[in-house]
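[1] I'd like to go over a predicted model; first the sequence, then the structure.
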Amino acid sequence: MPHLVSHLLHRCWTTLVLLVAGLSPSVFAQPKETVLYSFQGGADGSGPVGSIVMDKQGNIFGATSYTNPCVTSLQCGSVYELSPPQQPGDPWTETTLYDFQGFNHGDGGSPEGGLVQDAAGNLYGTTAYGGGGPCILLGSAVGCGTVYELVRPQKPGGAWKEKGLYSFQGNQDGQFPIGDLVFDKRGSLYGATWFGGGQGATCDPLYAYCGTIFELTPPRTTGKNVWIEKVLHSFAGVDAGDGGQPNGGLILDEAGAIYGTTYIGGSNCAQNSGQGCGTLFQLIPQQDGSRPWSEAVLHSFGAGDDGGGPNGNLIFDKRGSLYGTTVGGGNSNFPSGAVFRCTRGPNDTYEETLLYSFYDGPDGGFPRAGLVFDQRGNAYGTAALGGLNEGGTLFRISAKTGSFVTIYPFEPNPDGNYPESPLIFDPVGRLYGTTLDGGTGQACQNYGCGTVYMVGP
């Protein structure tokens, strides 16, 4: 679910689950959490979204969906850099590297995914709106979304340069790119659009079709700057037993096959207004490149005790099993999301196992981001809601046993609130992420404008 929608929904959420005793795991002593930066909702932006990345110097880069001033909320957003202090304990320095100008200026607008970084330190991401496409929303031209690159300056302190790599055209092409991109070994980028693709008619009343997986290939000839977009799969939605609204955050195996999730669709769920509870899918490339990629639905989520509404950013373990989270389903009495594992069995079948079901109590609830492994095989993630302070949680779970520990309960204002970004490790094992709300910003009603945080010793 795009955070523009989920942000409004979680504002209205109230829960009585905290009144139920004895259902959540033990909460360990809190490690130290440090807010590195609180967005103020002005030119620095607000609502950090998607994955952050870190360079060799320890600088952190990310994207926000909003900046102020802008014409409309769909025509702004930014890419930022956070630089560590010279002396421990001093504040980090935030620098806005680029402000998006939106459809009216032929630029992207409103990022709905985070960043990836190439070997040279250049940054790549997507915007949900903007670009040169003809898409209309509620009678206004908004564009169909873009893929962009921010080129690192040659000299320290120089200006970063934004390059629009592709503008989506909607319909057959794709519309509303979402989630993080991923590189393959040749430097091609892969991602997802929530809408477009020309297939499926039941995924959303405002947008056409059920979404795509796309490949963006860089120019192979020196001097040419045109990237080539190719739709690898168009989703047909629940009516065809296929997924709908893919999440992005894809992962590739050694053979080049692509794995991901769709938020709705599938064939194993009558809930969610009949749209289906989502799928885990595989796209297999054809060896000669002359035929379309083939799709296999590895698992259709059924809500209830199965989990429903999977998120993006899957991860592999050393044996090739896939791990991820769902925002719904899980425990049938308190369906607040789950952590799942999907393991390959005989004849390329996959078996799904729920490792943990959230209760929206002190353990947290409704995880909206994927997981990350440490060197010992433990997975870490965040739950957007719940926790001792109702600001969400950071958790650890054993991939082998499902043993679950709440590492940190977020406390709204001035702490972060509503963590929904994937986590990253630094070289010494500290965790970094963002919260959509919280912090000291005063320009975002009573919720704060979001934070970048660190958790560790």
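    Yes, it's here. Numbers count the residues shown, from 1 in each chain.
[2] Just confirm residue 328 contacts residue 307, I think it does.
    Yes - judged on Cβ atoms under 8 Å, residue 328 makes contact with residue 307 at a distance of 7.2 Å. Yep, even glycine has a C-beta here, placed from its N, CA and C like the rest.
[3] Counting neighbours, go ahead and name the busier of those two.
    residue 307 (28 against 25; other Cβ atoms under 10 Å).
[4] what touches both of residue 328 and residue 307?
    277, 337 (Cβ atoms under 8 Å, 6 or more residues apart in numbering).
[5] Please spell out which residues along stretch 121-132 are buried.
    121, 123, 124, 125, 126, 127, 128, 129, 130, 131 (16 or more other Cβ atoms under 10 Å).
[6] Would it be right to say that the first one lies in a helix?
    No - secondary structure assignment places residue 121 outside any helix; it is coil (DSSP: H, G, I helix; E, B strand; the rest coil).
[7] start the count at 43, not 1, going forward
    New numbering, starting at 43: the last item is residue 163.
[8] For burial, what's the neighbour tally of the nearest residue to it once chain neighbours are set aside?
    Residue nearest to residue 163 in three dimensions, not counting chain neighbours: residue 194, with 4.4 Å by Cβ to Cβ, 6 or more residues apart in numbering. Neighbours of residue 194 under the rule other Cβ under 10 Å: 18.
[9] what's the neighbour count on the nearest residue to residue 455 once chain neighbours are set aside?
    Once flanking residues are discounted, residue 455 sits nearest to residue 490: 5.2 Å by Cβ to Cβ, 6+ apart. Counted with other Cβ under 10 Å, residues neighbouring residue 490 total 28.
[10] ditto for residue 250
    Each residue near residue 250 was counted by other Cβ under 10 Å, and the total is 16.
[11] Also residue 259?
    For residue 259, using other Cβ under 10 Å, the count is 15.
[12] repeat for residue 388
    6.
[13] before we move on, what about the one 5 residues further on?
    Around residue 393 there are 13 other residues, counting by other Cβ under 10 Å.
[14] Spit out the contact partners of it.
    By Cβ under 8 Å, 6+ apart, the contact set of residue 393 is 384, 385, 387.
[15] By neighbours, which of those residues wins?
    residue 384 (19 neighbours).
[16] Which pair in the buried residues of stretch 163-174 has the greatest spatial separation?
    Using Cβ to Cβ, the buried residues of stretch 163-174 span at most 26.9 Å, a distance reached by 163 and 171.
[17] list the buried ones in stretch 173-189?
    Neighbour counts over stretch 173-189 (16+ other Cβ under 10 Å) mark 173, 175, 177, 184, 185, 186, 187, 188, 189 as buried.
[18] Tell me the one of the residues you listed nearest residue 150?
    residue 188 (3.8 Å).
[19] Now the closest one: phi and psi?
    As for residue 188, its main-chain torsions (degrees, to the nearest 10) stand at phi -140, psi 160.
[20] quick one: pLDDT of it?
    Per-residue pLDDT puts residue 188 at 97.
[21] quick one on the thing from earlier: make CSV from the buried residues of stretch 163-174 and add distance to residue 247 and pLDDT to it.
    As requested, those are exported to CSV (distance: Cβ to Cβ, whole Å; pLDDT from 0 to 100):
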residue, distance to residue 247, pLDDT
163, 42, 96
165, 34, 98
166, 32, 98
167, 28, 98
168, 23, 97
169, 23, 97
170, 18, 96
171, 18, 96
172, 22, 95
173, 23, 95
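[22] Now go through those residues and say which are in strands.
    Among the buried residues of stretch 163-174, the ones falling in strands (DSSP state E) are 165, 166, 167, 168, 169, 171, 172.
[23] Distance to residue 300 added to those residues, as a markdown table?
    Formatted as a markdown table, those follow (distance: Cβ to Cβ, whole Å):
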| residue | distance to residue 300 |
| --- | --- |
| 165 | 22 |
| 166 | 17 |
| 167 | 19 |
| 168 | 16 |
| 169 | 22 |
| 171 | 25 |
| 172 | 26 |
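[24] Out of those, flag the one nearest to residue 321.
    residue 168 (21.5 Å).
[25] Grab the nearest non-local neighbour of the closest one.
    That would be residue 219: by Cβ to Cβ, 6+ apart, it lies 3.9 Å from residue 168.
[26] beta partners of the one you found?
    residue 235 (DSSP bridges).
[27] same question, residue 172
    In beta-bridge terms (that is, DSSP bridges), residue 172 pairs with residue 150.
[28] In this model residue 185 seems to touch it, though I could be wrong.
    Yes - Residue 172 is within contact range of residue 185, at 4.3 Å (criterion: Cβ under 8 Å).
[29] overlap in contacts of those two?
    Contact criterion Cβ under 8 Å, 6+ apart; residues bridging residue 172 and residue 185 by contacting each: 144, 145, 150, 151, 209.
[30] out of the residues you listed, which one sits closest to residue 257?
    Nearest to residue 257 among these: residue 209, at 15.9 Å, using Cβ to Cβ.
[31] Now do the contacts for the closest one.
    Residue 209 is in contact with 172, 173, 174, 175, 185, 186, 187, 188, counting by Cβ under 8 Å, 6+ apart.
[32] mind checking how far it is from residue 483?
    32 Å (Cβ to Cβ, to the nearest Å).
[33] How about residue 155?
    In terms of Cβ to Cβ, residue 155 sits 22 Å off from residue 483.
[34] Kindly report the same for residue 196.
    34 Å.
[35] same check, this time on residue 351
    In terms of Cβ to Cβ, residue 351 sits 29 Å off from residue 483.
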